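Visitor: Here is a sequence with its predicted model. Questions after.
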Amino acid sequence: MGIFLDEELQRINAAKNVLAGLTNLVAAVIFIIFSHIAWLPALVIAGSSAVVWWHRRPLRTPDPGPTWLRGVIVIVGVITIVRLV
């Protein structure tokens, strides 16, 4: 995109993020309509994503640190893998 658009890097990155979000939204709708979804693991993953989003927000207090966040991500990932297998 940077080669073909005569815009600032921040605007190109924003456009890329919007396009990626729209692509993911379309894919999610297609999966919801046409496939079987294991909703419990999907909700666990969504919850862990919310934790990551909350942790990365500016103005967060107190900061639990990256080690705590990595630990939560690993634990949730392992639980999800075990539940899916």
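Guide: Nice, thanks for sending it over.
Visitor: mind listing the helices for the chain?
Guide: Using DSSP state H, the helices found in the chain span residues 9-34, 39-56, 66-84.
Visitor: In a markdown table: the ones you listed, plus mean pLDDT and distance to G2.
Guide: Every residue, glycine included, has its C-beta placed from N, CA and C. Shown next, in a markdown table, are those (pLDDT from 0 to 100; distance: least, C-beta to C-beta, whole Å):
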| stretch | mean pLDDT | distance to G2 |
| --- | --- | --- |
| helix 9-34 | 91 | 5 |
| helix 39-56 | 82 | 25 |
| helix 66-84 | 82 | 30 |
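Visitor: Tabulate those helices (TSV), appending mean neighbour count.
Guide: Formatted as TSV, the helices of the chain follow (neighbours: other C-beta atoms under 10 Å):
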stretch	mean neighbour count
helix 9-34	10
helix 39-56	12
helix 66-84	12
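Visitor: Tabulate the ones you listed in JSON lines, adding columns for distance to M1.
Guide: Converted to JSON lines, the helices of the chain look like this (distance: least, C-beta to C-beta, whole Å):
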{"stretch": "helix 9-34", "distance to M1": "5"}
{"stretch": "helix 39-56", "distance to M1": "24"}
{"stretch": "helix 66-84", "distance to M1": "30"}
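Visitor: and I3, which of these is closest to it?
Guide: Smallest distance to I3 across the helices of the chain (C-beta to C-beta): 9.9 Å, for helix 9-34.
Visitor: quick one: the closest one to chain centroid distance?
Guide: For helix 9-34, the separation from the chain centroid amounts to 12 Å (computed by C-alpha atoms, centre = their mean, to the nearest Å).
Visitor: now the angle from that helix to helix 39-56?
Guide: 160 degrees (axes from the mean of the first three to the mean of the last three C-alpha atoms, to 10 degrees).
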